[in-house]
Every structure is written in structure tokens, then in C-alpha cells.
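sequence below, structure please.
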Amino acid sequence: MSQGGRSVLSNVLAVAYKESATLRHDRALIGAIIAQPLMLLVLTGLVLSNEPSNVPWAVFDRSPSAESRRLLRDIEATGYFLPARAVYSPDEGRELLRSSEVVAFLSVPRDFRREVERGRPQVELLLDGSDPLTAARVSGYIAEVANGLNLRRVTHAAGEEEPVATRGPLDVRQRFRFNARLRDREFFLTALAGILLTNLCLSVTSLGLVAERESGTYEHMLSLPTTAVEIVLGKLLPHVGISYAVLLFSILAPGVAFGIWPRGSWLALAVVTLPFVLASLAMGVFVSALARTSAQAVFIAVFFILPSMILSGAMFPYQFMPHGVRELGALMPLRWYQIASRRIIERGAGLDDVLLPMAVLVLIFTAFLLGIRWRVKPRLG
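Okay, here's the model as predicted:
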């Protein structure tokens, strides 16, 4: 190797050694690098699953007979369903579907026992099709139980009963609500706004205070006659307008390209977006307040973005996640925004139907503001 080549290699190795020494002492960065793959491994290996569990469902049994009770017991015995929620009218069951309180609504007709004797029993099953994969699996489990069910019995002279196969399987008349064709496109596009806004808000604010420190203007900012909360709010407001432009794109693009328009109130969607955007922006500022370098801010932001996408329900149904993990996802603003946006876009909801998600988003925003106030000193010294 020539003298010039050795000089270049020496310089490169010297710089590499210096950077390695810096990284070696950056414990937060090393921790983030190690923890992120572990987090993804745990989430994808233990938490995420396309197999439904703890499925909430409702039953309107107009034929409280031994045959109908056996059908319900056999469905619950699969282990995929919670105990059935009894309702007393079809409208009550449909309302539970519309409000996302149940995934399936089973209606047993009044003459079910007589139809069993005739060998042609039928039941009606309504399913929430807004999550196509879940709806298809739940309907498959119920249909499997129905196809293997022997409802007729005969009694021998000794008084013993034994099941006798019906002349045909139980006929489950299935109908899907809110996404009758079970298109995955609708499931993902209704959460597009939340996903884009989460990435935007965390990206534009997670480096804000860190950049001030690295450029040397952080001390000047703290010397201003303002409180830490006032500084934060002043930094957040310019990004709110950008966020609404992203929201408008997220509504118009699926509508123009795929015909997926909000069925509910556009005003309600605009109103619920404000606390979500403020909470997400405050989350990014909180990340920036925790970090000491830009690299740390980027890696810490990923800790918020990754669980938000996976645990919120925007990409995978959160209802079927294990307890503990499901409650952890409830701390993320995206969890509550995707609930509200899907109610408005898919189910035709209004402002009254999203008051609870709005209230939770306001609480999350307030909690992040308190955390920022604790972390950012309003004055030097």
C-alpha cells in the first residue's frame, strides 16, 4: 500500500476510534440499540397474533330452549369467546355492533327448537367487518361449531338420551356490517390519518429542544420571560396547521382514489383530531426533553412510534392482545384516535360517539405537559 493510502486508512481508523469511544460512553444510545430489537421480538413473538381470543359477542335468544343453550355453550367452549352478552331486541344487538362493544351478534329464532326437530335449523349471525381478518376468523369458528353440532336427541326405554345427527348442518346466515366485502384496504385506510400524524408529530418535535441545545440557543430560550409550558405551546402551534393539512390529505386521497369517504361527521373528525395532534406533539417534545443528543432523541422516539403502531390497534386488533399489553397500548394517543376515527369513518358516528376518546386524549396531553414542565427548567440555574 502506498504512503497516501496508508495515510487515508490511518485517518479513517482514527475517526472511527474516536466515534467508537463516544458511542461507548453513550449509555442511553447503547441501551436503545439493544432494546429495540428485543422489543420488536417480544411484540411479534408473544403479543401479536391473528388468532382471536376474548372475543366479545352478543346473543338474542328468542327460543330459550335446551338446543339453543347447547349451541351457545359449544361456541364458548372453543375458548375464543367471552361469555355471551344477552340482549333483548335485534336493535340492541346492532347498536352494540355499531359502538364496537361486540364483534359478533347471534340471533336465534323463536321456532329454533321446532326447526331442529325438522332437521333444518337456522340462526342469523351479524359480524363487524371493519376488521376483515377478525371477522372472517370469528365467522369461521362459529360456522365450524355449527357444522359439527348434533342438536337432536332420542330417548331410549331406559331413559337414556343420545344425540342423533340432524339431516343437515346448522345453517348460519352470516352478514357483515361496516365492511361487507371484508376489504383489508378499508381497515388500513381508516387509520391512515392517525399513522401519518403520529410519525409527523414525533418527527418534527422530538429533535426540537435537542437542536436548541446543540446549536447553543437553548440557554437563550430559557432566559426569555416565559414559562416552560408557554415555550412548549408556542413550539407546538405552528405544527397544528400542518397536521390538519395531513388530515385533509388522509381524507381526500382514499376518497378520490378508492371511494372511501367518512360516513359520519367531518366536524367530529376535525374536533377529535386537535387533542390527538396536541398529545402527539407533546409526546415528541417530551422525548426531546429527555434526550441529550440528536441520536438519543431519534432512538427514544422509536420507542414511542413502534408501540404506537403495534399496540394501538391501527394495524392489528388490540382487543385480542393479552391483558397488560392491551392496557399498555391504551397509554398511546394513537389507540384512542384510531378508535374515534374508525367510528366516524366506518360507522357513521358523530361527536357524541367519540367524547370518551377525546377526553382520554386531553388527559394524555395534560400528562405530557406536566412531564415537560418537570423536565424543562424555566430559568437557568
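
break the protein down into its domains, please.
The chain breaks down by automatic domain parsing into domains covering 57-182, 185-375.

can you list the ones you listed in a markdown table and add mean pLDDT and mean neighbour count?
C-beta here means a position set from N, CA and C on the backbone, and glycine is covered the same way. A markdown table is the format used below for the domains of the chain (pLDDT from 0 to 100; neighbours: other C-beta atoms under 10 Å):
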| stretch | mean pLDDT | mean neighbour count |
| --- | --- | --- |
| domain 57-182 | 74 | 17 |
| domain 185-375 | 81 | 19 |
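
could you name the helices and strands sitting against the helix or strand containing P307?
P307 is part of helix 294-311, with elements assigned from DSSP states H and E. Applying 3 or more C-beta pairs under 8 Å, 6 or more residues apart in numbering; DSSP states H and E, one finds that helix 294-311 contacts helix 27-42, helix 192-205, helix 208-215, helix 266-290, helix 325-329, helix 333-347.

touching, G350 and S265? I think so.
Yes. Here G350 reaches S265: they are 4.6 Å apart, a contact under C-beta atoms under 8 Å.

any common contacting residues for these two?
Residues touching both G350 and S265 (C-beta atoms under 8 Å, 6 or more residues apart in numbering) are I344.

which residue, other than its chain neighbours, is closest to L196?
Counting by C-beta to C-beta, 6 or more residues apart in numbering, L196 lies nearest to V246, which is 5.3 Å off, once chain neighbours are set aside.

can you pull the contacts of the one you found?
Contacts of V246 by C-beta under 8 Å, 6+ apart are 193, 196-197, 200.

adding distance to R85, write the residues you listed out as a markdown table.
Formatted as a markdown table, the contacts of V246 follow (distance: C-beta to C-beta, whole Å):
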| residue | distance to R85 |
| --- | --- |
| A193 | 31 |
| L196 | 35 |
| L197 | 34 |
| L200 | 39 |
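
ok, so of those residues, who is nearest S99?
When the contacts of V246 are compared for distance to S99 (C-beta to C-beta), A193 wins out at 20.9 Å.

relative to helix 333-347, how tilted is the helix holding P307?
40 degrees (axes from the mean of the first three to the mean of the last three C-alpha atoms, to 10 degrees).

so which residues of the stretch 51-200 of the chain form helices?
Ranges of helices within the stretch 51-200 of the chain are 66-76, 90-98, 112-118, 132-147, 184-189, 192-205, based on DSSP state H, counting those that start in this stretch.

and the gap between I364 and V298?
22 Å (C-beta to C-beta, to the nearest Å).

again, but for G324
Applying C-beta to C-beta, the value for G324 to V298 is 28 Å.

how much space is there between the residue nearest to L196 and C201?
In terms of C-beta to C-beta, V246 sits 9 Å off from C201.

try G129
G129 is 30 Å from C201, where distance means C-beta to C-beta.

looking at the helices of the stretch 51-200 of the chain, which is closest to V55?
helix 132-147 (5.8 Å).

got the angle for the closest one vs helix 66-76?
Using the same axes, to 10 degrees: helix 132-147 against helix 66-76 is 140 degrees.

and helix 132-147, what does it pack against?
Using 3+ C-beta pairs under 8 Å, 6+ apart as the contact test, the elements touching helix 132-147 are helix 66-76, strand 104-108, strand 122-128, strand 171-177, helix 184-189.

show me what the last one is packed against.
When contacts are defined as 3+ C-beta pairs under 8 Å, 6+ apart, helix 184-189 sits against helix 132-147, helix 228-258.

so which of the helices and strands packed on helix 294-311 gets nearest V256?
helix 192-205 (13.2 Å).

outside of that closest one itself, list whatever touches it.
For helix 192-205, contacts defined as C-beta under 8 Å, 6+ apart pick out 235-236, 239, 242-243, 246-247, 249-251, 253-254, 273, 276-277, 280-281, 283-285, 287-288, 301, 304-305, 308-309, 312, 314-315, 333-334, 337-338, 341.

ditto for stretch 277-286
By C-beta under 8 Å, 6+ apart, stretch 277-286 touches 197-198, 201-206, 208-209, 232, 235-236, 239-240, 243-244, 301, 304, 333-334, 361-362, 364-365, 368-369, 371-372, 375.

stretch 76-86 now?
Residues outside stretch 76-86 that contact it (C-beta under 8 Å, 6+ apart) are 51-61, 72, 75, 96, 101-102, 106, 138, 141, 145.

for stretch 263-272, same thing?
With contacts defined as C-beta under 8 Å, 6+ apart, stretch 263-272 is touched by 244, 247, 251, 262, 337, 340-341, 343-351, 353-354, 357-358, 361.

6 Å instead, please
340, 344, 348-351, 354, 358 (C-beta atoms under 6 Å, 6 or more residues apart in numbering).

please apply the same query to stretch 326-335.
Under C-beta under 6 Å, 6+ apart, the answer for stretch 326-335 is 194, 198, 276, 279-280, 308, 311-312, 314, 318, 361, 364.

tell me which of these is nearest to E115?
Y318 (38.2 Å).

roughly how far apart are that closest one and A136?
Distance from Y318 to A136, by C-beta to C-beta: 18 Å.

and what of R62?
R62 is 27 Å from A136, by C-beta to C-beta.

got it, and W261?
For W261 relative to A136 (C-beta to C-beta), the value is 24 Å.

same question, G324
From G324 to A136 the distance is 27 Å (C-beta to C-beta).

then L237?
L237 is 44 Å from A136, by C-beta to C-beta.

next: I75.
Counting by C-beta to C-beta, the gap from I75 to A136 is 16 Å.
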